[in-house]
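Student: Mind folding the following:
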Amino acid sequence: MPTSLLDADLKFANLGKKQDLKSRVDGMESYLYQLLEQLRYSFGNLDRTNFNDAGFAEITGIINQPIIAEIKGIDGQLTQITATSAALTTRVEDAEGNITALYQFADEITQQVEDAEGNIATLTIQANSLSSRVTSAEGSITTLTQSVDSIALGVTNGSTSSTIRLYKDGVSISSATVRFTGVVTFSDLENSGNTVINGDNITTGTIRAVDYVAVGQIGDNDYSVFAVEDGADNRIGYIGYQFIDEDDNYADKLWIRTEAFGDWKPCIKIEAAGRVSLESTDVSDGLIYMRSANAITLSADHFVQIEVNGTEWSFEEDGLHKNGAKVL
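Tutor: Prediction:
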């Protein structure tokens with residue numbers, strides 16, 4: 001049974017000159033078998049006690065240095081493996097300058113691919129996140145990051161960028177321009193909420209609503225409810241509201257008004273396929289005024305006026321009638 005190298009030294013073969021050649025060869029062969037067994041046993045059972053302090057320090061110093069293995073091909077290809085106490089790195093490069101690298105740390109794995117033009121793709125894996133990054137030679141960057149509670153997609157080109165972030169309780173979109181193509185449905189806008197849209201951003205199309213309420217202040221007490229403009233942003237006309245309180249005389253007004261531009265004086269026309277009615281039902285202040293700086297033209301088959309006391313006045317083709325009887 002093997003013991004130690006010292007035992008093999010003590011039992012070194014006796015190769016005296018008095019022995020014939022065959023005996024000497026047989027003795028050397030036997031010793032070599034014994035030495036082989038001793039070496040196998042000794043190297044299989046090496047530990048700290050087999051080295052003195054100086055030798056052990058030298059060996060550990062060598063082991064602490066990076067381990068680098070490198071294979072070069074005759075066509076310019078290179079494969080390299082580097083092992084340190086902190087990381088394990090593999091790198092493969094071809095003659096055209098394309099490179100693939102894998103970096104493995106205790107808490108992270110990163111893989112990177114780079115072509116000869118300078119485009120780079122990087123994938124990083126951690127215990128709580130997964131991220132990819134693609135960088136072009138011109139500096140454009142696309143990133144995708146996934147963590148335990150969010151997903152983020154970003155694109156950057158110099159000073160401009162766009163980002164979409166998905167959270168467990170919401171979505172965030174940040175970009176200089178956001179475009180939607182196709183049918184877009186916002187289910188939450190069916191109910192009352194706090195969505196605000198700047199009216200200046202609505203410039204085309206048709207708006208349909210059950211109730212339409214708009215307030216645009218054009219003076220201290222003047223408000224524009226609906227306005228029409230020409231191609232030069234000149235206000236042609238509008239439906240407005242005015243509130244005036246003078247000596248407790250409330251003179252609220254809702255009007256349809258047109259604006260004049262030089263010789264161009266837009267008109268107002270009220271037209272109906274059926275009847276047109278002007279009504280003021282308040283007993284004390286229910287008045288209807290008609291005023292013109294020029295002439296007022298009324299055209300009809302006949303005109304009927306009924307006073308508060310029940311008297312009916314009508315203008316017929318043959319003259320003025322009171323309660324159905326001609327008086328003029």
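Student: what does stretch 128-142 rub up against?
Tutor: For stretch 128-142, the surrounding residues in contact (CB atoms under 8 Å, 6 or more residues apart in numbering) are 117-124, 143-148, 154-158. Yep, even glycine has a C-beta here, placed from its N, CA and C like the rest.
Student: out of those residues, which are inside strands?
Tutor: 120-124, 143-147, 154-157 (DSSP state E).
Student: Could you pick out the buried ones from the residues you listed?
Tutor: The neighbour count (16 or more other CB atoms under 10 Å) marks Ile120, Thr122, Leu123, Thr124, Thr143, Thr145, Gly154 as buried among the ones in strands among the contacts of stretch 128-142.
Student: Quick check: the first one touching Gln112?
Tutor: Yes - with contacts defined as CB atoms under 8 Å, Ile120 counts as touching Gln112 at a distance of 6.6 Å.
Student: what's the first-to-last distance across stretch 208-222?
Tutor: 25 Å (CA to CA, to the nearest Å).
Student: Provide the partner residues of Thr100 in its beta bridges.
Tutor: Residues in a beta bridge with Thr100, per DSSP bridges, are Val92, Val113.
Student: Provide a list of residues in contact with it.
Tutor: So Thr100 contacts Arg91, Val92, Glu93, Gln111, Gln112, Val113, Glu114 (CB under 8 Å, 6+ apart).
Student: cool, and Gly240?
Tutor: By CB under 8 Å, 6+ apart, the neighbours of Gly240 are Ile218, Asp222, Tyr223, Ser224, Val225, Leu254, Trp255, Arg257.
Student: Try it again at 7 Å.
Tutor: Asp222, Tyr223, Ser224, Val225, Trp255, Arg257 (CB atoms under 7 Å, 6 or more residues apart in numbering).
Student: would TSV of those with neighbour count and pLDDT be doable?
Tutor: Converted to TSV, the contacts of Gly240 look like this (neighbours: other CB atoms under 10 Å; pLDDT from 0 to 100):
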residue	neighbour count	pLDDT
Asp222	14	75
Tyr223	17	75
Ser224	17	75
Val225	15	74
Trp255	11	79
Arg257	15	83
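Student: Excluding sequence neighbours, find me the nearest residue to Asp301.
Tutor: Glu317 (7.7 Å; CB to CB, 6 or more residues apart in numbering).
Student: how many neighbours does the one you found have?
Tutor: Neighbour count for Glu317, taken as other CB atoms under 10 Å: 6.
Student: And for Thr82?
Tutor: So Thr82, with other CB under 10 Å, has 15 neighbours.
Student: how close does Tyr41 sit to Tyr31?
Tutor: Going from Tyr41 to Tyr31 by CB to CB, to the nearest Å gives 16 Å.
Student: ditto for Arg133
Tutor: Applying CB to CB to Arg133 and Tyr31 gives a distance of 66 Å.
Student: Next: Asp252.
Tutor: Taking CB to CB, one finds Asp252 at 127 Å from Tyr31.
Student: Between the two, which has more neighbouring residues?
Tutor: Taking neighbours as other CB under 10 Å, Asp252 and Tyr31 compare with Tyr31 leading, 16 against 10.
Student: Look up which residues are beta-bridged to Lys326.
Tutor: His321.
Student: ok, it touching Gly319?
Tutor: Yes - in this structure Lys326 lies within contact range of Gly319 using CB atoms under 7 Å: 5.4 Å.
Student: just to revisit the earlier point, now, which of the contacts of Gly240 lie within helices?
Tutor: Among the contacts of Gly240, no member falls in helices (DSSP state H).
Student: could the residues you listed be laid out in CSV, adding distance to Ile306?
Tutor: Conversion of the contacts of Gly240 to CSV gives the following (distance: CB to CB, whole Å):
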residue, distance to Ile306
Asp222, 35
Tyr223, 35
Ser224, 36
Val225, 32
Trp255, 26
Arg257, 30
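Student: Out of the residues you listed, which sit inside strands?
Tutor: Asp222, Tyr223, Ser224, Val225, Trp255, Arg257.
Student: where in the stretch 151-300 of the chain is pLDDT low?
Tutor: Along the stretch 151-300 of the chain, the parts satisfying pLDDT under 70 run over 189, 193-194, 212-215, 244-251.
Student: Would you map the strands across it?
Tutor: Remark: strands assigned in the stretch 151-300 of the chain by DSSP state E, counting those that start in this stretch are 160-167, 170-174, 216-217, 222-229, 235-242, 245-246, 249-250, 253-258.
Student: most tightly surrounded among those?
Tutor: Here the criterion is mean neighbour count by mean count of other CB atoms under 10 Å, and of the strands of the stretch 151-300 of the chain the winner is strand 235-242, at a mean of 16.
Student: so it versus strand 222-229, what angle?
Tutor: 160 degrees (axes from the mean of the first three to the mean of the last three CA atoms, to 10 degrees).
Student: From the chain's centre, how far out is strand 235-242? Work that out for me.
Tutor: Here strand 235-242 is found 41 Å from its chain centre; the criterion is CA atoms, centre = their mean, to the nearest Å.
Student: quick one: strands adjacent to that strand?
Tutor: When DSSP bridges is applied, strand 235-242 pairs with strand 222-229 (antiparallel), strand 253-258 (antiparallel).
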